[in-house]
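# okay, predicted coordinates and the sequence, questions at the end:
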Amino acid sequence: MRDPIVITGVGCVTPLGCDVETTWANLVAGKNAIAPIEGFDAKRFPCTFAAEVQKFEAPALSGRFARWSDAKSRLAHAAAVEALRDANLENVSNPARMGVSVGAEVSRPTLPELAERLHRIVNDGPERAYRATDPKDFAVMSAFYPATLVAAIANAQGPNLTTSTACTSSAQSIGDALRIIRRGDADIMLAGGTDRLVEELMVMGFSLLGALSTRNEDPAHACRPFDRLRDGFVLGEGAGFVVLERLSSAIARGAPIRATLEGYGCSANAWRITDSPPDGRGARTSMASALVDAGLPPDAVDYINAHGTSTQQNDTSETAGIKGAFGTHANRLAVSSTKSMMGHLVAACGAVELIVCIKALEAQIAPPTINYENQDPTCDLDYVPNEARAMKIDHAMTNAFGFGGSNGTLIVGHPPK
């Protein structure tokens, strides 16, 4: 019998709070973090609102990292530090046996920064523009940078991975970390993801794709997953990390055990870049694979934190996928989308929503899907509408489905007795 992999630490920064407990309390209360964008003037775009992190103070950095850091890395830093403290892992006894796995995307320059760079190239010439470019811009904008920073903070000298599969990134980074420990390549993994999408290029790009809600007159009711009147998703920002290790390792060092990471499944839609297949085949395969990996029958799962983006295609496809994976048990599941309150954290959403599942297990509460008002005949499951629900939860599942067609599913259960 294999040694179970347990979660001993959790940490997050979200639009609903700069730590796990604040985020969870606001989720259960049905608080909405979606509001007009404050970070830049968004009035020129079709979508003028998002879910931004508020009152965030990044932990202090020293040395080269004090200069070589960007917004998404600072979010990752804060969430990782909280997870390490929660796991009593601020001092690692064997750094070579601890690894890092992070879901992240490349950073994008702001429109003023991009305009300045183009101006230099056009007016000063490529050679002078090259000499005027700060070398840290290249390093910091890379997808791998958060994993580099987090590894240095944790003194984690084992495996170091970056996963960049859009909205599935951090779910897959945690799934890969699970497999790394199972095959013996590391004893402890700090895994999660970070993203900051509330910026001009992303608002412009997703607006051109027609993916964002344009309910500018009423942003608080814009994100309405599974509701018949949904019209697009809402951008968010944040980071989430968990500490994974074998049960025997956690017991040996007296670590707190939050949950067991039971199973992981992944798949590809092999369909299109920007939408999901109507029959939910990729979602179905991902969920079914996670159940097999966990050794669980479908009726063992009580709650699903859905990907639930509030787009027409995703919500219909995910509903079909849940029905395909769970059969008749689908109608007995509680399914909610916490994106309705904190927007879409993209590369960070899988990790943050896994933490939501862990809190749901601990509290025996399913958080709600807010703004659910109009039933859609193609979305006919129990979406925990508008109010949190006290209920028995033995196993919880979270889904993350990415642009480009990647899918990731994770299942957590109570700590072993």
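Received the coordinates, thanks. Residues are numbered from 1 along each chain as shown.
# tell me the SS of residue 167?
Using DSSP: H, G, I helix; E, B strand; the rest coil, the structure places residue 167 in helix.
# so which strand or helix has the residue nearest to the spatial centre of the chain?
The residue lying closest to the centre of the chain (CA atoms, centre = their mean) is residue 349, at 1.6 Å. Counting by DSSP states H and E, the element that carries residue 349 is helix 349-363.
# got the buried residues for that helix?
Judged by neighbour count using 16 or more other CB atoms under 10 Å, the buried positions of helix 349-363 are 349-361. Glycine gets a C-beta too; all of them are placed from N, C-alpha and C.
# what segments of the protein are helices?
For the chain, the helices defined by DSSP state H occupy 20-28, 64-67, 71-86, 111-124, 126-132, 135-141, 145-154, 169-182, 200-208, 247-252, 281-294, 312-326, 339-342, 349-363.
# which of those helices is buried the deepest?
Burial among the helices of the chain, expressed as mean neighbours by mean count of other CB atoms under 10 Å, is greatest for helix 339-342, which shows a mean of 28.
# the nearest residue in space to residue 195 that is not next to it in sequence and residue 295, how far apart?
Nearest in space to residue 195, with sequence neighbours left out and distances taken as CB to CB, 6 or more residues apart in numbering, is residue 347 at 3.8 Å. Residue 347 is 29 Å from residue 295, where distance means CB to CB, to the nearest Å.
# who has more neighbours out of these two?
Each of residue 347 and residue 295 has its neighbours counted (other CB atoms under 10 Å); residue 347 has more, 33 against 9.
# how about the more buried one, what does it touch?
With contact set as CB atoms under 8 Å, 6 or more residues apart in numbering, residue 347 has these partners: 103-105, 164, 166-167, 169-170, 193-195.
# kindly report the same for residue 355.
Taking CB under 8 Å, 6+ apart as the criterion, residue 355 is in contact with 10, 12, 20, 23, 240, 242.
# run the last query once more with 10 Å
Taking CB atoms under 10 Å, 6 or more residues apart in numbering, we find residue 355 in contact with 7, 10-12, 14, 20, 23-24, 79, 83, 192, 240-242, 258-259, 305, 398, 412.
# any idea how far it lies from residue 318?
Taking CB to CB as the measure, residue 355 falls 20 Å from residue 318.
# sorry, back to before: and the helix holding residue 349, how far out from the chain's middle?
Centre-to-centre, helix 349-363 and its host chain are 10 Å apart (CA atoms, centre = their mean, to the nearest Å).
# neighbours around the nearest residue to residue 412 once chain neighbours are set aside, how many?
Using CB to CB, 6+ apart and skipping residues adjacent in sequence, the residue nearest residue 412 is residue 259, 4.5 Å away. By other CB under 10 Å, the residues close to residue 259 number 24.
# dump the residue contacts of residue 259.
Contact analysis of residue 259 by CB under 10 Å, 6+ apart lists 6-8, 10, 242, 354-355, 357-362, 395-396, 412-415.
# what separates it from residue 18, distance-wise?
According to CB to CB, residue 259 stands 22 Å off from residue 18.
# contacting residues for residue 343?
Counting by CB under 10 Å, 6+ apart, residue 343 touches 14-16, 32-34, 49-52, 197-198, 213, 222-223, 233-238, 309-310, 349.
# need the phi and psi values for residue 46.
Dihedral pair for residue 46: phi -60, psi -30, per degrees, to the nearest 10.
# tell me how far it lies from residue 34.
16 Å.
# more neighbours, the two?
Just comparing residue 46 and residue 34: by other CB under 10 Å the higher neighbour count belongs to residue 34, 26 against 16.
# in the sheet, who's paired with the more buried one?
Taking DSSP bridges as the rule, residue 34 bridges to residue 51.
# what residue ranges in this protein score low on pLDDT?
For the chain, the stretches flagged by pLDDT under 70 are 1, 64, 67, 108-140.
# now with 80, please.
The chain contains residues with pLDDT under 80 at 1-2, 62-69, 107-141, 274.
# re the thing from before, can you redo the helices of the chain as TSV with distance to residue 332?
Putting the helices of the chain into TSV (distance: least, CB to CB, whole Å) gives the following:
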stretch	distance to residue 332
helix 20-28	22
helix 64-67	49
helix 71-86	32
helix 111-124	48
helix 126-132	61
helix 135-141	46
helix 145-154	39
helix 169-182	24
helix 200-208	35
helix 247-252	30
helix 281-294	15
helix 312-326	9
helix 339-342	22
helix 349-363	16
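# nearest to residue 374, out of those?
Within the helices of the chain, the stretch nearest residue 374 is helix 312-326; the backing value is 12.5 Å (CB to CB).
# so how far is the first residue of stretch 53-60 from its last?
With CA to CA, to the nearest Å applied, stretch 53-60 spans 18 Å between its terminal residues.
# and that stretch, how far from the chain's centre?
18 Å.
# got the contact list for it?
Residues outside stretch 53-60 that contact it (CB under 10 Å, 6+ apart) are 13-18, 33, 35, 38-39, 66, 69, 71, 73-78, 80-82, 153, 196, 198, 236-239, 342, 345.
# hmm, back to that, CA atoms only: put the helix holding residue 349 into CSV for me.
The C-alpha coordinates for helix 349-363 follow below in CSV (Å, rounded to 0.1, in the frame of the first residue of the first chain):
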residue,chain,number,x,y,z
CYS,A,349,-7.1,29.3,-10.3
GLY,A,350,-6.4,25.6,-9.9
ALA,A,351,-4.3,26.0,-6.8
VAL,A,352,-6.5,28.6,-5.2
GLU,A,353,-9.6,26.5,-5.9
LEU,A,354,-7.9,23.4,-4.5
ILE,A,355,-7.4,25.3,-1.3
VAL,A,356,-11.1,26.2,-1.4
CYS,A,357,-11.8,22.5,-1.5
ILE,A,358,-9.5,21.8,1.5
LYS,A,359,-11.4,24.5,3.5
ALA,A,360,-14.7,23.0,2.4
LEU,A,361,-13.6,19.6,3.8
GLU,A,362,-12.5,21.2,7.1
ALA,A,363,-15.6,23.3,7.5
